[in-house]
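Peer 1: Dropping the sequence and predicted coords here.
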Amino acid sequence: MADEKGKKIVGRFSSQTETISDAQKPHYGRVFLTFARNSLIRDMTFRFNFIIETISSLSWMFMNLGFYLLIFSYTDVIGVTTGWTQYEFFVFFATVAIVNSLVQTFFMPNAQEFSELIRTGNLDFALLKPIDTQFLISLQKVNWSGLGNTGFAILLLIYSLWHLCYRQAGFSLHPIQLALYPVYVLCGIIILYSLMIALSATSIWLGRNQSLYNFWFYITNFSRYPMEIYSGPAGDPRRWIGGSLRTFFSYVIPVLLAVNVPARLLAKPLDPNNTSLAVYAIFGTIISFFVSRMVFYQALRGYRSASS
């Protein structure tokens, strides 16, 4: 009985969207701007809390930056053969912060509340709205305080690139690299979002899945470091472990590409490996997104209404 009612809701949603004319279809850009404006109004209602959240996020950024400054006070490069100099690594660090802060600003609040929508039955209302359900679930709330990290990371990126261009011999940037950088940052955001929404969708089968959100953080931690560290030193018998991790998180769950490709595009433009990684990052992004949609809508088919 419960399964039949859940299928009726999904079926009613599908039939309703099929009968909507082009004139009645929602303008997704306007819908998102409405969500963003409502979220900003909510944040400004509790301004002190908004300020505290922004300061907390920035404090974490400053602590990480201080940690890496401490490391570079003892060494000039991280790594022996494929080392990252201080400002090359800061380009990487800034890219990590940009990608993660944008994911946590626009998608994390909604993914965390997905299981609550199921428990309270509010997912029923989302299914009946004449708009793509994944879009509605993913973007209905915006955590504006997270953009403080984005702004700081962009400033750090600009300063690091300026230092590399004018203070490091032999370093140069082509306008094409600068144009491709935001494209691959967007690819990184889509890859991390796809993993997040796929894990969130399992709430329909598992109920509360907080452990899976923790799993997302554990997995994405691999993207916070240059992929060279997973190769290990030559001749080390344990090198196969890092190599296996690098292969798995580059080509199966491509979280390593989410940050490494855009960062290497700017910080290590002459690296011959960048071309192959850049090509696969595009395919990995497309595959990740469509797999996440498949998992999301497959999970919806098994949804049972909370009111049943």
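Peer 2: Received it, and whenever you're ready, just let me know what you need. Numbering: from 1, shown residues only.
Peer 1: tell me the average confidence for stretch 53-72?
Peer 2: Stretch 53-72 carries an average pLDDT of 92.
Peer 1: Can you get me the start-to-end distance on stretch 121-131?
Peer 2: 18 Å (Cα to Cα, to the nearest Å).
Peer 1: Check which residues of that stretch are buried.
Peer 2: Leu123, Asp124, Ala126, Leu127 (16 or more other Cβ atoms under 10 Å). (C-beta placed from N, C-alpha, C; glycine too.)
Peer 1: and the two most separated of those?
Peer 2: Greatest spatial distance among the buried residues of stretch 121-131 (Cβ to Cβ): Asp124 and Ala126, at 7.3 Å.
Peer 1: ok, back up a step: and of the buried residues of stretch 121-131, the nearest to Phe50?
Peer 2: Compare each of these with Phe50 using Cβ to Cβ and the shortest gap goes to Ala126, at 26.1 Å.
Peer 1: need the next SSE after the helix or strand hosting that closest one, C-terminal direction.
Peer 2: Ala126 is located in helix 123-128, with elements delineated by DSSP states H and E. For helix 123-128, the succeeding helix or strand toward the C-terminus, using DSSP H and E, is helix 133-139.
Peer 1: Give me the average confidence score over the very next helix or strand once past that following helix.
Peer 2: In the C-terminal direction, the helix or strand that comes right after helix 133-139 (DSSP H and E) is helix 147-167. Helix 147-167 comes out with an average pLDDT of 93.
Peer 1: from the chain's centre, how far out does whichever helix or strand comes after helix 147-167 sit?
Peer 2: For helix 147-167, the succeeding helix or strand toward the C-terminus, using DSSP H and E, is helix 175-201. Distance of helix 175-201 from its chain centroid, counting by Cα atoms, centre = their mean, to the nearest Å, is 6 Å.
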